[in-house]
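how would this look folded up:
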Amino acid sequence: MSIKVNHISKLYGAQKALNNISFEIGSNEIVGFLGPNGAGKSTMMKILTCYIPPTEGTATVCGFNTNDQSIEVRRNIGYLPEHNPLYLDMYVKEFLAFIGGLYNINNKKERVKEMIEATGLQIEQNKKIGALSKGYRQRVGLAQAMIHDPKVLIMDEPTTGLDPNQLEEIRGLIKKMGKQKTVMLSTHIMQEVEAVCDRVIIINKGEIVANDSTHTLQQNTTKQIITVEFDKPIVLKSLTAIPGVENAVLIEGNTWKIVSDADKDVRKELFNYAVKHNLSVLTMNKEEQKLEDIFKALTKK
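From the prediction side, this is the model:
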């Protein structure tokens, strides 16, 4: 396992930021680490990157303990914080060479060139960082996080403030990196998680409330929603009389949103209803529950 967390707790005085947390992240896996503000996400990431020690429990990165082997852990981790700390007066190539020197990289010049190509910084490499757009500054941050070729990447809100084009580009980079490295990604953007993550860990009030693939989380819901369009107007009361239908809402025209228990597939009943009442079903779709709705349900007060 690239990351292994065993029964981690963290106290700030009397306040418990993390409460007996355990999870694992395997090699070449992109995992979304989600939670509301104050849930303990940043605390967990600081423990994994050796900024602070846990009060109880242990954490290992690539087999190295964060308490006793912090230097080895840092050699294996690339970290991109939310507020990307860059030297704005330095040129892109100059900055990456400086970071490479901090890691004592032997093939520094070649590695800087590789990172510039990997992050799409070729046309900006001779500019000062302060002259770059937010999207290109994020690319510089990714390049510095990867320049020492770490096995694990930890990123905190990597796409904050980016426009739609920059979002797509950075997400593409993250997915590309996930094929070769373990990626732990903290974000509040649910669409980003659905787009790039293999698995989701949701934390709330210092405790893990979900740890599964996005698809499984969306499937494990207590309600099923069917959107159906008929060719003629119908009466609400007749829809709710169908066995298994708990509620029905008219969206527009003759299109209805049908809510039923997840264990009861009412699509067959809806077709039978249409035949009985001489109706035609123009469209019918089964909706997956959105990750945003699942997040709200798991973290609401």
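
At which residues are the helices of the stretch 101-250 of the chain located?
Assignment of helices within the stretch 101-250 of the chain using DSSP state H, counting those that start in this stretch yields the ranges 108-118, 134-146, 164-178, 190-196, 214-219, 236-240.

which of those sits most buried?
Of all the helices of the stretch 101-250 of the chain, helix 134-146 has the most neighbours on average by mean count of other Cβ atoms under 10 Å, namely a mean of 22. Every residue, glycine included, has its C-beta placed from N, CA and C.

in the stretch 151-300 of the chain, which spans are strands?
In the stretch 151-300 of the chain, the strands defined using DSSP state E, counting those that start in this stretch lie at 152-156, 182-186, 199-204, 207-212, 223-230, 245-252, 255-261, 281-287.

what comes into contact with the fourth one?
Taking Cβ atoms under 8 Å, 6 or more residues apart in numbering as the criterion, the residues outside strand 207-212 that touch it are 19-23, 199-203, 217, 220, 294, 298-299.

Dump that strand to PDB, restricted to CA.
Output of strand 207-212 as PDB, limited to C-alpha atoms (Å, rounded to 0.1, in the frame of the first residue of the first chain):
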ATOM      1  CA  GLU A 207     -14.600  10.400  11.300                       C
ATOM      2  CA  ILE A 208     -14.800   8.500   8.000                       C
ATOM      3  CA  VAL A 209     -18.500   8.200   6.900                       C
ATOM      4  CA  ALA A 210     -17.800   6.700   3.500                       C
ATOM      5  CA  ASN A 211     -15.000   4.900   1.700                       C
ATOM      6  CA  ASP A 212     -16.000   3.400  -1.700                       C
END
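
Provide the strand pairings for it, with the direction of each partner.
strand 199-204 (antiparallel) (DSSP bridges).

just the CA coordinates of the partner strand, formatted as CSV?
Provided in CSV are the C-alpha atoms of strand 199-204 (Å, rounded to 0.1, in the frame of the first residue of the first chain):
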residue,chain,number,x,y,z
ARG,A,199,-12.5,6.0,-5.1
VAL,A,200,-13.9,8.5,-2.5
ILE,A,201,-13.2,8.8,1.2
ILE,A,202,-15.7,11.2,2.9
ILE,A,203,-14.8,12.5,6.4
ASN,A,204,-17.1,14.4,8.7
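
okay, the angle between that strand and strand 182-186?
40 degrees (axes from the mean of the first three to the mean of the last three Cα atoms, to 10 degrees).

Looking at strand 199-204 now, give me its mean pLDDT.
Per-residue pLDDT over strand 199-204 has a mean of 94.

Next up, the contacts around the residue lying closest to residue 253 once chain neighbours are set aside.
Once flanking residues are discounted, residue 253 sits nearest to residue 229: 7.3 Å by Cβ to Cβ, 6 or more residues apart in numbering. Residue 229 makes contact with 253, 254, 255, 256, 281, 282, 283, 284, according to Cβ under 8 Å, 6+ apart.

mind running it again at 7 Å?
When contacts are counted by Cβ atoms under 7 Å, 6 or more residues apart in numbering, residue 229 is found next to 254, 255, 282, 283.

Among those residues, name the buried ones.
Buried by 16 or more other Cβ atoms under 10 Å: nothing, out of the contacts of residue 229.

Against residue 267, how distant is the closest residue to residue 288 other than its chain neighbours?
Excluding its sequence neighbours, the residue lying closest to residue 288 (Cβ to Cβ, 6+ apart) is residue 218, at 4.5 Å. Taking Cβ to Cβ, to the nearest Å as the measure, residue 218 falls 18 Å from residue 267.
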